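S.K.: Task: produce atomic coordinates for the following.
(one chain, ligands or ions: 1)
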Amino acid sequence: MKSFDLSGRVAVVTGGNGGIGLGMARGLAAAGAKVVVAGRNPAKSAAAAKELGGIAITVDLLKESDCKKLIQETARQMGRLDILVNNAGINIRKQPQEYSMAEYHEVMNTNLTSAFHCSQLAYAEMKKAGGGKIINIGSMMSIFGASFTTPYASSKGGIVQMSRAMACAWAKDNIQVNSVLPGWIDTDLTRRARTDVAGLHERVLARTPAGRWGEPGDFAGIAVFLASAASDFLTGTAIAVDGGYSVQG
Ligand code: NDP
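M.R.: Numbers count the residues shown, from 1 in each chain. Sure, this is the predicted structure:
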């Protein structure tokens with residue numbers, strides 16, 4: 001179907017070198033997009049870029065200068081920017097009273113502030129291209145709370161509201177901004193929790209109507225949809241990709 005075709009488009013995927021980001025990047029590349037993989041680990045990013053037929057740019061998104069480098073280098077090396085997936089994210093699990101402010105800022109700046117900054121920087125490039133698509137990765141913690149995840153939940157709640165506000169601001173420029181809320185997905189981020197937190201694996205299976213953990217490959221379709229003309233009248237929404245986790249009472 002032509003409206004899902006991404007030929008000629010350039011997509012930046014932060015954290016595109018593994019997990020959910022790589023699942024999305026694979027979908028975008030399969031639909032014809034040229035993918036820029038942005039991550040901290042050069043070897044991991046180079047391997048992903050090679051597989052995808054794209055390029056890798058090494059960045060630490062905690063640094064404002066690296067957000068700038070990412071967008072500038074993309075424009076310089078690829079000539080345009082049409083799609084930005086703000087996917088890079090971390091979690092530090094503690095009770096709220098136990099976080100240092102440095103830990104709080106690390107989570108907020110990685111998950112939310114860098115997404116704001118990259119989007120802001122991408123805006124000019126997307127305007128030049130006649131429009132664009134921004135896909136922000138939230139979480140079930142955009143909707144629910146949990147005792148051990150206050151900065152993470154704050155950042156992921158912020159992702160949804162940031163997407164709505166940007167959607168309103170940039171609709172006139174033909175830029176659509178949406179968020180995707182993953183359920184429990186089997187990646188590096190959750191693998192440690194799965195072994196460290198007793199009973200987590202069983203609780204996830206019991207709570208998820210689909211009866212399984214999600215896989216990075218479950219995010220290829222939503223990425224293509226939200227990055228393509230097929231979703232041109234969709235903006236400001238938050239779509240759960242969670243095997244039904246958020247609708248089970
Ligand atoms: P991974 O740990 O596999 O991936 C995280 C990615 O973020 C890595 O590619 C990492 O790159 C990148 N990253 C982290 N910090 C930085 C930084 N400072 N600068 C640049 N890149 C950075 O986890 P997931 O795939 O699970 O997570 C992807 C997104 O999905 C996150 O936003 C996460 O919060 C969200 N999510 C995940 C869920 C799950 O169950 N897995 C559930 C809900 C949301 P590198 O390795 O090079 O450092």
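
S.K.: what about the closest residue to Thr110 other than its chain neighbours, which SS state?
M.R.: The shortest distance from Thr110 to any non-neighbouring residue, by Cβ to Cβ, 6 or more residues apart in numbering, is to Ile90 (5.0 Å). Bear in mind the C-beta positions are built from the backbone N, C-alpha and C, glycine included. Here Ile90 is recorded as coil under DSSP: H, G, I helix; E, B strand; the rest coil.

S.K.: Poorly predicted segments of the protein, please.
M.R.: For the chain, not a single residue meets the criterion pLDDT under 70.

S.K.: what's near enough to touch Ala129?
M.R.: The contact partners of Ala129, taken as Cβ atoms under 8 Å, 6 or more residues apart in numbering, are 80-82.

S.K.: still on that earlier bit, and the residue nearest to Thr110, how many residues sit next to it?
M.R.: Residue neighbour count, defined by other Cβ atoms under 10 Å, stands at 15 for Ile90.

S.K.: My guess is it contacts Asn111. True?
M.R.: Yes - assessed by Cβ atoms under 8 Å, Ile90 is found in contact with Asn111 at 6.8 Å.

S.K.: Run me through the strand neighbours of the longest strand seen in the chain, direction for each.
M.R.: Secondary structure of the chain per DSSP state E: the longest strand is strand 175-182. The partner list of strand 175-182 in its sheet, established with DSSP bridges, is strand 132-137 (parallel), strand 238-241 (parallel).

S.K.: Centroid-nearest residue for this protein?
M.R.: By Cα atoms, centre = their mean, the chain has its centre lying nearest to Asn87, at 2.2 Å.

S.K.: For that one, give me its contacts.
M.R.: Applying Cβ under 8 Å, 6+ apart, the residues contacting Asn87 are 13-16, 20-21, 24, 135, 137.

S.K.: Please tell me how far the spatially closest residue to Ile137 that is not a sequence neighbour sits from Asp5.
M.R.: Spatial nearest neighbour of Ile137, excluding adjacent residues (Cβ to Cβ, 6+ apart): Asn87 at 4.5 Å. Distance, Asn87 to Asp5, by Cβ to Cβ, to the nearest Å: 22 Å.
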